[in-house]
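J.: Please work out how this folds:
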Amino acid sequence: MAKKKAKSGSTKGNLRGKSGDKTGEGSGGGGITYAQSGVDIEAGDRTVDLIKGHLKRTYSPRVLGKHGAFAGCFRLDYNERLFKRNYKDPVLVACTDGVGTKVMLAVQMGVHDTIGQDCVAMNVNDMIVQGAEPLFFLDYVGVHKVIPEHMEQIVKGVADGCQLAGCALIGGETAEMPDVYKKGDYDLAGFAVGVCELKRVIDGQRVEKGDIILALTSSGIHSNGYSLVRAVIKQAKLNLDKTYPELDDRADSLTDRPLGMHLLEPTRIYAKQIVSLLRSYKVKKPISGMAHITGGGLPGNVNRALHNAVNAKINLKAWPVPPLFKFLQKQGNIADEEMLKVFNMGVGYTLIVRPHFADAVMDKLQKLGEHPFVLGKITAGTGKVTLG
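T.: Just a heads-up that it's a prediction; the model follows:
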């Protein structure tokens, strides 16, 4: 487990290990202290104690070393007798991402225990597109002031996400920077590493005319488009604590939630389902491409799974758009084209599969707890996405 240490010129707090830097403290000379400059080392140390259990619950036997080390260690080439699988020609896959301005809503609502799942999701959902298994994750929190109870909630969310993704949280960093962040503000970003067998890497080059596009539902807005969401809230004078009848979705067991909680619904993590699906095909390769639907919506992400000899034709009537998107569109008077360009509109992940495998893949996904549906098909083209 990686340890933090204070660095000259930056105001560092601790998330993963206790710092030995007590600069300016206990000197007895009456000079300015680190705490007086805005950095509370004791709060960082207390945070470490609060979050230790959250980190450890994400560990597997592949995590090496003790909590509080200077860097996290993860065993890649491990004992085949102890583990079920091994990689003969492993390719490491790495991602880094944050949660954008969704964190500002978390601050406004005073809800800090879900934003960490968003951070993990934004990384591992990108990673599995390449066919990779997530291995480990590290987070970074930049904050105005370390409040141990808030930090514990943030890291709890990260650990929850790591458990959903099947990866280990082996390190992280907290930077307490009162001169950079306003009171109450913080930012959250993460970094993930995964592995894939070279022969099983999915890069979209095998996509061909006739392939079927399958879709998996999102849990809401996920973690993209929140600058527009906040603009709508401001323009329409919406109340985050108010329950709006238009958001009543009978498919949602929590229909009486206030607007703010709908907007903070954490991003779905598809890692275990996709990894399990890929492992179920030991030799055959029915999946030719995949896409995580993030900023840019369907047209700006499905195209990333294509090469320049095919198009993706998406049927906009293939799924019901969740009420939250319709509500925001109405309140902000947003054009259809803009909505599709900014938001996922209820589709969080897509798979491109060979037509004779489509039913079998859908059946496997259903058994994994998903509700897949046919979103469209692949045609001859030039690498574009068409909507209709």
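
J.: Quick check: nearest residue in space to Cys119, chain neighbours excluded?
T.: In space, and not counting its chain neighbours, Cys119 is closest to Gly190: 4.4 Å by CB to CB, 6 or more residues apart in numbering. C-betas here are computed from N, CA, C, even on glycine.

J.: Contact partners for that neighbour?
T.: Residues in contact with Gly190 (CB atoms under 8 Å, 6 or more residues apart in numbering) are 96-98, 119-120, 122-123, 137-140, 158.

J.: gap between Val310 and Val129?
T.: To Val129, Val310 is 17 Å away according to CB to CB, to the nearest Å.

J.: rewinding a little: now pLDDT, neighbour count and distance to Asp359 too, for the contacts of Gly190, in JSON lines please.
T.: Listed next are the contacts of Gly190 as JSON lines, based on pLDDT from 0 to 100; neighbours: other CB atoms under 10 Å; distance: CB to CB, whole Å:
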{"residue": "Thr96", "pLDDT": "93", "neighbour count": "14", "distance to Asp359": "37"}
{"residue": "Asp97", "pLDDT": "95", "neighbour count": "21", "distance to Asp359": "33"}
{"residue": "Gly98", "pLDDT": "95", "neighbour count": "18", "distance to Asp359": "38"}
{"residue": "Cys119", "pLDDT": "98", "neighbour count": "30", "distance to Asp359": "35"}
{"residue": "Val120", "pLDDT": "98", "neighbour count": "32", "distance to Asp359": "31"}
{"residue": "Met122", "pLDDT": "97", "neighbour count": "28", "distance to Asp359": "31"}
{"residue": "Asn123", "pLDDT": "97", "neighbour count": "30", "distance to Asp359": "31"}
{"residue": "Phe137", "pLDDT": "96", "neighbour count": "28", "distance to Asp359": "34"}
{"residue": "Leu138", "pLDDT": "95", "neighbour count": "23", "distance to Asp359": "40"}
{"residue": "Asp139", "pLDDT": "96", "neighbour count": "28", "distance to Asp359": "40"}
{"residue": "Tyr140", "pLDDT": "95", "neighbour count": "18", "distance to Asp359": "43"}
{"residue": "Val158", "pLDDT": "96", "neighbour count": "29", "distance to Asp359": "37"}
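
J.: now, which of those lie within strands?
T.: Judged by DSSP state E, those include 96-98, 137-140 as members of strands.

J.: ok, so of those residues, who is nearest Lys384?
T.: Nearest to Lys384 among those: Asp97, at 25.2 Å, using CB to CB.

J.: Tell me who's in contact with the spatially closest residue to the closest one that is not a sequence neighbour.
T.: Residue nearest to Asp97 in three dimensions, not counting chain neighbours: Met122, with 4.1 Å by CB to CB, 6+ apart. Counting by CB under 8 Å, 6+ apart, Met122 touches 97-99, 190, 222-223, 267, 294.

J.: Need the residues you listed in CSV (columns: distance to Ala168).
T.: Converted to CSV, the contacts of Met122 look like this (distance: CB to CB, whole Å):
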residue, distance to Ala168
Asp97, 18
Gly98, 20
Val99, 20
Gly190, 13
His222, 23
Ser223, 22
Thr267, 19
Thr294, 24
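
J.: about what we covered before: for the ones in strands among the contacts of Gly190, which one is nearest His112?
T.: Taking CB to CB as the measure, His112 lies nearest Asp139 of the ones in strands among the contacts of Gly190, at 13.1 Å.

J.: after the biggest helix by length in the chain, next one along is what?
T.: Taking DSSP state H as the criterion, the chain has its longest helix at helix 148-165. Using DSSP states H and E, the helix or strand that follows helix 148-165 towards the C-terminus is strand 168-176.

J.: Ser276 and Ala236: what is the separation?
T.: From Ser276 across to Ala236, the span is 42 Å (CB to CB).

J.: mind checking how far the residue nearest to Cys119 is from Val158?
T.: Distance, Gly190 to Val158, by CB to CB: 7 Å.

J.: Overlap in contacts, those two.
T.: The contact sets of Gly190 and Val158 overlap at 119-120, 137, 139 (CB under 8 Å, 6+ apart).

J.: Quickly find the element holding Ser188.
T.: In this structure residue 188 is Leu, not Ser. Taking DSSP H and E as the definition, Leu188 sits inside strand 186-197.

J.: and the following helix or strand past that strand, what does it pack onto?
T.: For strand 186-197, the following helix or strand on the C-terminal side (DSSP H and E) is strand 212-217. Under the contact criterion of 3 or more CB pairs under 8 Å, 6 or more residues apart in numbering; DSSP states H and E, strand 212-217 touches strand 347-353, helix 358-367, strand 373-380.

J.: what comes into contact with the last one?
T.: Counting contacts by CB under 8 Å, 6+ apart, the residues outside strand 373-380 that touch it are 207-215, 306, 309-315, 318-319, 347, 350, 352, 358.

J.: And for the longest one?
T.: The contact list for helix 358-367 (CB under 8 Å, 6+ apart) reads 212, 214, 216, 273, 277, 280, 286-287, 351, 353, 372, 374.

J.: Could you pick out the buried ones from these?
T.: Neighbour counting by 16 or more other CB atoms under 10 Å classes 212, 214, 216, 273, 277, 286-287, 351, 353, 372 among those as buried.

J.: and the direction of the host helix or strand of Val91 versus that of strand 186-197, what angle?
T.: Here Val91, judged by DSSP H and E, is contained in strand 90-98. Interaxial angle, strand 90-98 versus strand 186-197 (axes from the mean of the first three to the mean of the last three CA atoms, to 10 degrees): 160 degrees.

J.: pLDDT of stretch 227-242, averaged?
T.: Averaging pLDDT along stretch 227-242 gives 97.

J.: Report the buried residues of it.
T.: 228-230, 232-233, 238.

J.: tell me the SS of Ser288?
T.: strand (DSSP: H, G, I helix; E, B strand; the rest coil).

J.: quick one: contacts for it?
T.: Contacts of Ser288 (CB under 8 Å, 6+ apart): 202, 204, 206-208, 211, 352-354.

J.: would you turn the residues you listed into TSV with distance to Gln108 and pLDDT?
T.: Output for the contacts of Ser288, formatted as TSV (distance: CB to CB, whole Å; pLDDT from 0 to 100):
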residue	distance to Gln108	pLDDT
Ile202	39	96
Gly204	39	92
Arg206	45	96
Val207	42	97
Glu208	47	97
Asp211	43	98
Ile352	39	98
Val353	41	98
Arg354	46	98
